[in-house]
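1. Below is the sequence, then the predicted model.
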Amino acid sequence: MKGVKFVKFVQVVKFVVGARQIRAATVRERQAPLQPCRTVAPLRSRLRWPLVLWVVLIGVCLAQASDQVAALQRPRFVAVDVVVDSKGVGLGAYQLEVKTPVGTEIVGLEGGEGLFAEAPFYDPKALMGRRIVMAAFSTQGAEKLPHGPTRVARLHLQTSGGAGGGAGLDKKLVVATDSHGKTIPADVTLKIFEGANR
Amino acid sequence: MRSRKRLSALRMWTLLMAGLVLAGLVWTWACSSSLTREGNKQSGTLLLPTGDRVSAVSLMPASPAIASSPSEQFESQFAQRPSPGLRGGGGGGSGGIRATEKHQYQNVMSPPYDSERSLVPPSPTMRSEKPRSSAQAASSTLSNEELLVIEKSQVGAAGKEMPIPGGGTLAAEVGGKMVTVPLKHTEVSAEVSGYIASVGVVQQFENPYSEKIEATYVFPLPQDAGVNDFVMTIGDRHIRGIIREREEARKIYEEAKSQGYVASLMTQERPNIFTQNVANIEPGKRIDVSIRYFHTLTYKNGWYEWVYPMVVGPRYNPAGSTDGVGAVAKGNQGASGQKTEVQYLHPTERSGHDIGLTVKVDAGMKIAEMASVNHIAHRRDDGEGGAVVTLDATDAIPNKDFVLRWKVAGESARPAMFVHKDKDGKGGTFSLMIVPPESLASLPRRPLEMVFVVDTSGSMSGRPIAQAKAAVQVALGKMHADDTFQIVKFANSADQLFPTAMPATAENVVESQKYVKAMQGDGGTEMLTGINKAMDFPRDPNRTRVVAFLTDGYIGNEVQILKALHQKLEGGRVFSFGVGTSVNRYLLDWMAVVGQGDAAYLSLNEAPEPVMDAYFEKISHPALANVKVECKGMEVTDVYPRRIPELFVGRPIVIAGRFKGAPTGEVVVSGKVGGKEGEAMKFVMSPAGRVTENAGINTVWARMKIADLELEGIWGERNVSQEVKNVALEHGLMSAYTSFIAVDSTRKTEGDHGTTVAVPVPVPEGVRYDTTVQERRTD
């Protein structure tokens, strides 16, 4: 019974790889009585192709895993919203800075919402020191200015380094003013943009 | 029994391997899903989703005030323009020349992709020899095969009339096959204040295809443009580009493109040639790219001049060159083997790309006269000393430079100064226009050794060579008996009229006129051979050698030419003379700088006589040398150009520098003529009263510094690339080593990054396609 199963296994392998050597061995097995010294050699030859198959399979899997790792290490693009909360006072102008770590590059500076929809200006000199200093203002009257948390800008970033690279953005609100240019207390927060198809 | 054990071991082994594979798959899945998008919202730090560990980063100290930038944005919404065709009206000025040329266009009409565009239906051939008014010309029945009548009215016609007189008035309708291109429209809006211009350019890209594309567009800007702003607009979202080192920006762009993000990249190929790349434009979608630059105006012979180039002329590249600018037919990408390549439309084709242009001039004084050299334009007065000039919608094909000139009331130009203070109050930037003393023109004329070097290559064929020949003929008539002269022509090789410079006798002039008359445009532009021929024969010590290059400058090896010129100068002076409607002003201007001379330009729509008059006035009088600028009571640093050029009659120069502290004290400018130090000119200005909010002065200064460094690089004295890069990065400026990049990382477009589509452009007006554009690949 076990011999029949073994023959079937050989037949499956033969079907898969079409190995003539196995076929010849099977024929010899059928024609001649089974002898211990002859069972060892055919077994090796029978295992050859399964082993090759497994090696190929493992190789493919490892390659896929490697691709996945490479994809992880590939630079990624992230958008970060910059939100200023003027705490009930109309936000007329702001200046803030965001420091980027090594491995994170700023690749675009987008405007925010409402009166701050235009892309803010930045100081190129500061950019050389891995930080972006941005500012914008609105000339609208106090009643039209945003009074609560407002997205004033969006940073577009390229990050790289994969799992090994720690990355953090430091932010600091330099100044926020009302419509008369008077400094107001405000907070700035950064929030990763959640896109539709990211 | 033994075999059973082996089989059992085999099963165990296979199970183990399968387990390993499974574990690997789980691990990779786990890795990919471990990324979190939730940022840490603790005070001061946001964690980016790039890994598990977070490095602590300390807060930076409070930054100084943000560097000043132009506060105004320009509109990116433009109404659809009607098909401009190519028609013109007659100028209202007096004098000038009339030239005729026949242009033929096949009546091949493919369905335009924009239903709003309509080409005028064909009509019988129109032929007119008489000057026509613009209204007449514009209203004329137009044909696909039509005689162009170009009437050049004199620069200086009355400025308040509309349309602006002085335009090359062109009457024609271009029929032809409409070619779909991803660049739909360019809108230019400039503001001129004194001698500094701030120019905004919006390029409106749109994907007319059914698949995603990357658009590339090679376009010109003035060679002294300090580009310091770049904004990509997608719908109602505006993303300001970031200045980066060129290679870094390119890598970011390619990565974003390959991952499907919308991105744009602007790179500089030459100081006056740039490439715009916009990746992942989805079908039917529109993306605008806005740039802004500052530059200084030229002031020559009483006229301010503002130029906006619209097309890159087809360049010739010497054999073996790969760093040039190739000129190939539409769709023949890579045929030239050059690093930069421009694709040109066949004369029977037209793209839907058109241009709109508005210039707001604040001259500071009443504008006495104003003229548009190549285009039909309309002028509207805007207060005292102000005017708004708009390009006529019927002259909207971007195939020639827009040249606007104006003259202010009163006598000649006066020295001018602008001062801009830094926001931190620790210093600032100044710009100074030094005007040559009028007494220079009254100085006795000096004997000249004139060498006319005429470009007779294929790109000059037709109207350009005719204009160049006319200019030389005029110049020959202005030679004095004590002058000597020589004529050299070059194309694939160079040839000279006389073995050496000959006296300007009547016989020699007649002989030379025959030589000039026989010139024809054909072949390559081996300018090096022309330079060698013009500079290598012995110099007359009793005369001032003046080498006048008459060329369109359509070459791709500018640096090689400038280096050769520098090496062979030996005391001579080079006065370059650009002929054509879209001249390579970078080459011509820099030849003049290297050659310690000046550049002049003659459009195809201008009369050569007044241009040549001014030219000879300039070259025949001694220049003011050893110009020194002293600032008393103000600490001044970094004045550019470091070597202040000599002042010729009718040509002021602009310098710029930095100062520390407050702008106080006075600026004293002096120079000498004929060895008399400080006698010829001395004027004093107080910077305190000249403070302006125009932040463009900073950009102008930085751009002048870059140009000065690049010139030093041409001398070959040292490698200046790092310095140029630093200046450009510090001031957010485009340069050969820096680029603008903008990526929209909020959304990945679907599918592959699509096909790259180059924007084909027309050959410049007056330039022949068949002698300049490569239609097949060269191996």
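-> Received, thanks. Because the structure is predicted, anything quoted here is derived from the model rather than measured. Numbers count the residues shown, from 1 in each chain, chains lettered A, B, ... in the order given.

2. what number of residues lie near residue B:386?
-> The number of residues packed near residue B:386 is 17, by other C-beta atoms under 10 Å in any protein chain shown. Glycine gets a C-beta too; all of them are placed from N, C-alpha and C.

3. in chain A, what residue is nearest chain B?
-> residue A:124 (3.2 Å; C-beta to the nearest C-beta).

4. Next, count neighbours for that residue.
-> Counted with other C-beta under 10 Å, the neighbours of residue A:124 add up to 22.

5. where does the spatially most central residue of chain A land in three-state SS?
-> Computing the C-alpha centroid of chain A and ranking residues by C-alpha atoms, centre = their mean puts residue A:72 first, at 5.0 Å. Three-state call for residue A:72 (DSSP: H, G, I helix; E, B strand; the rest coil): helix.

6. do the same with residue B:380
-> Secondary structure, three-state DSSP: residue B:380 is strand.

7. Skipping adjacent residues, who's closest to it in space?
-> Setting aside the residues directly before and after it, residue B:380 is nearest to residue B:388 in space (C-beta to C-beta, 6 or more residues apart in numbering or on different chains), at 4.7 Å.

8. Next up, identify which helix or strand the one you found is on.
-> strand B:386-391 (DSSP states H and E).

9. who does that strand pair up with?
-> strand B:354-362 (antiparallel), strand B:377-381 (antiparallel) (DSSP bridges).

10. Which pLDDT value belongs to residue 136?
-> You didn't say which chain, so I picked chain A. Listed pLDDT for residue A:136 reads 95.

11. right idea, wrong chain: chain B
-> Listed pLDDT for residue B:136 reads 39.

12. Could you do residue B:19 as well?
-> Looking at residue B:19, the pLDDT reads 68.

13. Any buried residues in the helix or strand where residue B:468 lies, and which?
-> If you go by DSSP H and E, residue B:468 is part of helix B:463-476. By neighbour count on 16 or more other C-beta atoms under 10 Å in any protein chain shown, the buried set for helix B:463-476 is B:463-476.

14. Validate this expectation: residue B:512 resides in a strand.
-> No. Residue B:512: not assigned to a strand; according to three-state DSSP it is helix.

15. quick one: it and residue B:479 touch, right?
-> No. Counting by C-beta atoms under 8 Å, residue B:512 sits too far from residue B:479 to count as a contact (9.4 Å).

16. Now do the shared contacts for those two.
-> Shared contacts of residue B:512 and residue B:479, defined by C-beta atoms under 8 Å, 6 or more residues apart in numbering or on different chains, are found at residue B:485.

17. what's the most distant pair in the buried residues of helix B:463-476?
-> B:463 and B:476 (20.4 Å; C-beta to C-beta).

18. got the contact list for residue B:399?
-> B:310-311, B:581-582, B:761-765.

19. switch the cut-off to 6 Å
-> Applying C-beta atoms under 6 Å, 6 or more residues apart in numbering or on different chains to residue B:399 gives the contacts B:311, B:762, B:764-765.

20. and which of those is nearest chain A?
-> Of the contacts of residue B:399, the one sitting nearest to chain A (C-beta to the nearest C-beta) turns out to be residue B:311, at 29.3 Å.

21. which residues sit in contact with the closest one?
-> The contact partners of residue B:311, by C-beta under 6 Å, 6+ apart, come to B:398-399, B:582, B:761, B:764.

22. tell me the SS of residue B:704?
-> helix.

23. just residue A:185 next, same as before
-> Classified using three-state DSSP, residue A:185 is coil.

24. pLDDT wise, what is residue 25 at?
-> This is for chain A. The model's pLDDT for residue A:25 equals 56.

25. looking at chain B here, not the other one
-> Listed pLDDT for residue B:25 reads 58.

26. The one 4 residues further on now?
-> According to the per-residue confidence, residue B:29 scores 54 in pLDDT.

27. Over to residue B:495?
-> Confidence at residue B:495, expressed as pLDDT, is 94.

28. Find the nearest non-adjacent residue to it, please.
-> Spatially, and ignoring its direct neighbours in sequence, residue B:495 is nearest to residue B:489 (5.5 Å; C-beta to C-beta, 6+ apart).

29. Over to residue B:256?
-> Closest to residue B:256 by C-beta to C-beta, 6+ apart is residue B:263, at 4.0 Å.

30. Tell me which strands whichever strand or helix holds that neighbour pairs with, and in which orientation.
-> Per DSSP H and E, residue B:263 falls inside strand B:261-270. Applying DSSP bridges, strand B:261-270 is found paired with strand B:273-281 (antiparallel), strand B:738-748 (antiparallel).
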